[in-house]
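Asks: Structure here, sequence nowhere to be found:
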């Protein structure tokens, strides 16, 4: 059993709040060992891009489950004349889902996770 975290290329600006993504494939033994339990395997926020990323294994502790990657964007609140309200803290309660990805394959997941961490211009409000 490998107790190493999965190596990831994470661009600057991301705050990783949770990481239990191990360099372990979802075998029945690894699931029983606890590598695929908990509500989240990886969670990160990029304040200036206003993106939140969450990676889960669903169903939890199920060898037949799959990785599910979710990316959300929190639009800027606006003043009555349409300007961004920079005095309001970042809040994801009304975030928009901008990307979802599911797989059972860890290598595919890592590729998509790293791609998502780079962000995509179509996810972000530019005005």
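Replies: Cool, got the structure. This one's a predicted model, so the numbers in the text were calculated from it and none came from an experiment. Numbering: from 1, shown residues only.

Asks: Might you list the low-confidence residue ranges for the protein?
Replies: 1-2, 126-127 (pLDDT under 70).

Asks: Tell me where the longest helix sits in it.
Replies: helix 106-117 (DSSP state H).

Asks: Just the buried residues of that helix, please?
Replies: Residues of helix 106-117 classed as buried: 106, 109-110, 112-113, 116-117 (neighbour count, 16 or more other Cβ atoms under 10 Å). In this view, the C-beta of every residue, glycine as well, is placed from N, C-alpha and C.

Asks: Tell me the helices and strands packed up against that helix.
Replies: Helix 106-117 sits against strand 51-58, strand 66-73, strand 96-103, with contacts defined as 3 or more Cβ pairs under 8 Å, 6 or more residues apart in numbering; DSSP states H and E.

Asks: re the thing from before, from the buried residues of helix 106-117, which is closest to residue 71?
Replies: Checking the buried residues of helix 106-117 against residue 71 with Cβ to Cβ, the nearest one is residue 116 at 5.4 Å.
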